[in-house]
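Chemist: build the 3D model from these lines:
(one chain, ligands or ions: 2)
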Amino acid sequence: METLKILNASQIRALDAFTIQKEGISSIDLMERACATFVNWFGQKYFLNTKLCVNIFCGLGNNGGDGLAIARLLKQQGFCVKVFVVQYTDKTSADFDINLKRLQSFAKVNFIKTVNDFTLFSEIQQNNIIIDALLGAGINRCVEGILKELINTLNETTAIKIAVDIASGLFMDNANDKEDVIFKPDFTVTFQLPKLALMLPQNYEFVGEWEVLDIGLQEQMINELPSYYFYTAQIFPKHRKKFSHKGTYGHSLILGGSKGMMGAAILSAKACLRSGVGKLTCYVPDIAYTIMQVSVPEAMTLTTSDDLDFISTHFTEKDFEHYQAIAIGPGISTHPDVYKMLESVIIAATNKPMVIDADALNLLGTEEGRSLLKQLPPNTILTPHPKEFQKLLGLTWKDDFDKLSLLQQFAKKHQIFVVLKGYQTAVATPEGDVYFNSTGNAGMATAGSGDVLTGIIVALLAQGYSAKEAAILGVFKHGEAGDLAANSRGQMAMIASDIIDDLRW
Ligand SMILES: NC(=O)C1=CN([C@@H]2O[C@H](COP(=O)(O)OP(=O)(O)OC[C@H]3O[C@@H](n4cnc5c(N)ncnc54)[C@H](O)[C@@H]3O)[C@@H](O)[C@H]2O)[C@@H](O)CC1
Ligand SMILES: [K+]
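Modeler: Numbers count the residues shown, from 1 in each chain. Ligands and ions are numbered 1, 2, ... in the order given. Have a look, this model is predicted:
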């Protein structure tokens, strides 16, 4: 698994300083390296678009210093560049000063002191570019005064907007107030590592698409610095053995379905079979026996014998002895008898890897259900979307940073994995670590998509992947299949079955 560690602003400052000391370079050299990397990225993206004018807005600290260096390097590459420095204070950083001198020797720099000076850039057009180098990682309060006016004005333009390192005004490690004025970029180009602020849904319009540029900060220190947060960049499944047979890859049990909701169980079953499991048994209500047998011929089917619309069986440990992993939830309904069934499963599955989803989460998210949480076997995987997670908690959160911390506490308290679904799905571990997923798209916000994920995860569990591997890899491959489906037919046309069809291992 390849992950990028997410470090906070002060850790990144320490990392910068360590790199400078270790390599025996000066901070201005590191800035130059970062800016050259940025300009290389920019050149690859906009090389053919010679007509565009690049408007670079610089603050007075090192983010502003970056802006000045980027201006110089872009000008050297033949881009049309206009530079604006906002003089909101008298204080400048040393590297800002050096880069201002370097730039002024061959380019004009416009200074903005008051709103009246905004006429200097009034002609920014639709196909122009704005580079935001006003404030970066050094921000310690919300923006005010001339900076606020400027950011509001820039946000109203139709130009393509690019933030250097992080959008000006956006806090890296904690929540902004709703009223804060923040630059709204189309792209955030951030240095070395992703930042926590880029992971959270509430910041979406202040991030846009984002990309990390490797500026060669010291790997050794990145490895040593502690963090709870990781971004899953790439992850590979294990190889299958040549002399293996279906017994090698485990037997999954999916408990799912009720009248009118058999689709959920079928989607889970198909996704499970497409994810390398050796054998699959689906336990469904009596009324759904034929439906399951016809829809998923590869799966064995067991049923209740009570003629009911839902599964109300009371399971014991013995019922599960032939299975390596269990999934419960897709389409089971929230009937009180189903709650009793769920309770029996949780008690009987003490030593089985298990994934709990959908209606099973709704049942656990009731007053009565929450008391069952402490009985969950360690390492159980829960896959709630935010609404389900809110019910599981029995309380709501102030903002996404608060939600994240509640997620970590919840996973730690119950010693389980919680897959909080959404864009950049967050997988929380019993240690309180969080892995943000890098695959997936809004086309996956469609009925049945979660059932597919449950099927993938239970297949991985049955094959002997640890709960951590199954949750992180499952989420990653689910998103990857979603991206393939979106590429072939577009996000709006996607349905959950397309995600199954596009699973590639
Ligand atoms: N440290 C390094 O070696 C490197 C730093 N780099 C750049 O440096 C940036 C960080 O630079 P700085 O630490 O100088 O900080 P910034 O340039 O983000 O901010 C400058 C200063 O503005 C003040 N400030 C904070 N909040 C403010 C607000 N709301 N309104 C007005 N002023 C405010 C603070 O005194 C802060 O130090 C990074 O984001 C990155 O762009 C890159 O050049 C890569 C290398
Ligand atoms: K910025």
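Chemist: for the residue nearest the centre of the chain, which three-state class applies?
Modeler: In the chain, the C-alpha nearest the mean C-alpha coordinate belongs to Gln424, at 1.8 Å (C-alpha atoms, centre = their mean). Secondary structure state of Gln424, per DSSP: H, G, I helix; E, B strand; the rest coil, is coil.
Chemist: figure out the helix or strand that the residue nearest to it when sequence neighbours are not counted lives in.
Modeler: Spatial nearest neighbour of Gln424, excluding adjacent residues (C-beta to C-beta, 6 or more residues apart in numbering): Phe436 at 4.8 Å. (Each C-beta comes from the backbone N, C-alpha and C, glycine too.) Here Phe436 is covered by strand 434-437, with elements defined by DSSP states H and E.
Chemist: contact partners for the closest residue to Leu73 other than its chain neighbours?
Modeler: Distance criterion C-beta to C-beta, 6+ apart; nearest residue to Leu73, sequence neighbours excluded, is Val39 at 4.3 Å. Neighbour list for Val39: Ile70, Leu73, Leu74, Gln77 [criterion: C-beta atoms under 8 Å, 6 or more residues apart in numbering].
Chemist: can you check Leu7 too?
Modeler: Contact criterion C-beta under 8 Å, 6+ apart gives Leu15, Leu193, Ile222, Leu225, Ser227 as the residues in contact with Leu7.
Chemist: in stretch 388-396, what's buried?
Modeler: Along stretch 388-396, these residues count as buried under the neighbour rule (16 or more other C-beta atoms under 10 Å): Glu388, Phe389, Gln390, Lys391, Leu392, Leu393.
Chemist: the protein against ligand 1: which residues are in contact?
Modeler: Applying C-beta under 6 Å from any ligand atom, we find that the chain lies next to ligand 1 at 16, 27, 30-31, 34, 59, 61-64, 66, 88, 93, 135-143, 147, 164-165, 191.
Chemist: just the ones of those residues in helices?
Modeler: When DSSP state H is applied, the residues of the chain next to ligand 1 are split such that Asp16, Ser27, Leu30, Met31, Ala34, Asn62, Asn63, Gly64, Asp66, Leu147 fall in helices.
Chemist: alongside ligand 2, which residues does this protein contribute?
Modeler: Asp132, Gly136, Ala163, Val164, Ser168 (C-beta under 5 Å from the ion).
Chemist: and of those residues, the nearest to Leu372?
Modeler: Nearest to Leu372 among the residues of the chain next to ligand 2 is Ala163, at 45.2 Å by C-beta to C-beta.
Chemist: could you report the neighbour count for the residue nearest to the closest one when sequence neighbours are not counted?
Modeler: Counting by C-beta to C-beta, 6+ apart, Ala163 lies nearest to Pro185, which is 4.0 Å off, once chain neighbours are set aside. Pro185 is flanked by 27 other residues according to other C-beta atoms under 10 Å.
Chemist: Pro185: what's it in contact with?
Modeler: Asp132, Lys161, Ile162, Ala163, Ala167, Phe206, Val207, Gly208.
Chemist: could you rerun that using 10 Å?
Modeler: By C-beta atoms under 10 Å, 6 or more residues apart in numbering, the contact list for Pro185 reads 130-132, 154-155, 160-164, 166-168, 170, 205-210.
Chemist: can you pull the contacts of Thr157?
Modeler: If a contact means C-beta under 10 Å, 6+ apart, then Thr157 has Asn55, Phe121, Ser122, Ile124, Gln125, Gln126, Asn128, Ile130 as its contacts.
Chemist: if you set the cut-off to 6 Å instead, what comes out?
Modeler: Applying C-beta atoms under 6 Å, 6 or more residues apart in numbering, one finds that Thr157 lies in contact with Ile124.
Chemist: and if you look at Glu298?
Modeler: Residues in contact with Glu298, defined by C-beta under 6 Å, 6+ apart, are Leu273.
Chemist: output the contacting helices and strands for the strand or helix carrying Val458.
Modeler: With elements delineated by DSSP H and E, Val458 resides in helix 449-462, which encompasses its position. Using 3 or more C-beta pairs under 6 Å, 6 or more residues apart in numbering; DSSP states H and E as the contact criterion, the neighbours of helix 449-462 among helices and strands are strand 251-255, helix 262-273, strand 325-328, strand 354-356, helix 467-489, helix 496-501.
Chemist: sheet-wise, list the partners of the first one with their directions.
Modeler: When pairs are called by DSSP bridges, strand 251-255 turns out to pair with strand 279-284 (parallel), strand 325-328 (parallel).
Chemist: looking at these, which is nearest to Leu308?
Modeler: Among these, strand 279-284 sits nearest to Leu308 (C-beta to C-beta), with 11.0 Å.
Chemist: contacts for the closest one?
Modeler: Outside strand 279-284, the residues within contact range by C-beta under 6 Å, 6+ apart are 246, 251-255, 257, 265, 269, 272-273, 292, 299-303.
Chemist: what's in contact with stretch 412-420?
Modeler: Where contact means C-beta under 6 Å, 6+ apart, the residues beyond stretch 412-420 that reach it are 373, 376, 378, 380-383, 389, 407, 411, 426-430, 432, 467, 471, 475.
Chemist: got the contact list for Ser500?
Modeler: One thing to correct before we go on: residue 500 is Ile, not Ser. When the contact criterion is C-beta under 6 Å, 6+ apart, the partners of Ile500 are Lys270, Ala271, Arg274, Val452.
Chemist: hmm, back to that, in strands, which of the contacts of Pro185 fall?
Modeler: Among those, the members falling in strands are Ile130, Ile131, Asp132, Ile160, Lys161, Ile162, Ala163, Val164, Glu209, Trp210 (criterion: DSSP state E).
Chemist: adding distance to Gly369, write the residues you listed out as CSV.
Modeler: Shown next, in CSV, are these (distance: C-beta to C-beta, whole Å):
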residue, distance to Gly369
Ile130, 50
Ile131, 51
Asp132, 47
Ile160, 49
Lys161, 46
Ile162, 47
Ala163, 43
Val164, 47
Glu209, 39
Trp210, 37
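Chemist: farthest pair in the contacts of Leu7?
Modeler: In terms of C-beta to C-beta, these reach their longest pairwise distance at Leu15 and Ser227, which sit 11.5 Å apart.
Chemist: what's around the nearest residue to Val296 once chain neighbours are set aside, how many residues?
Modeler: In space, and not counting its chain neighbours, Val296 is closest to Ala269: 4.6 Å by C-beta to C-beta, 6+ apart. Each residue near Ala269 was counted by other C-beta under 10 Å, and the total is 33.
Chemist: mind listing what Ala269 touches?
Modeler: Contacts here follow C-beta under 6 Å, 6+ apart; on that basis Ala269 touches Ile254, Cys282, Val296, Ala299.
Chemist: filter those residues down to the buried ones.
Modeler: When burial is judged by neighbour count using 16+ other C-beta under 10 Å, the buried members of those are Ile254, Cys282, Val296, Ala299.
Chemist: and the last one, how far from Asn127?
Modeler: As defined by C-beta to C-beta, to the nearest Å, Ala299 lies at a distance of 54 Å from Asn127.
Chemist: rewinding a little: may I see the ChimeraX selection of the buried members of the contacts of strand 279-284?
Modeler: Written as a ChimeraX command, the selection of buried residues from the contacts of strand 279-284, which uses 16+ other C-beta under 10 Å, is:
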select :251,252,253,254,255,257,265,269,272,273,292,299,301,303
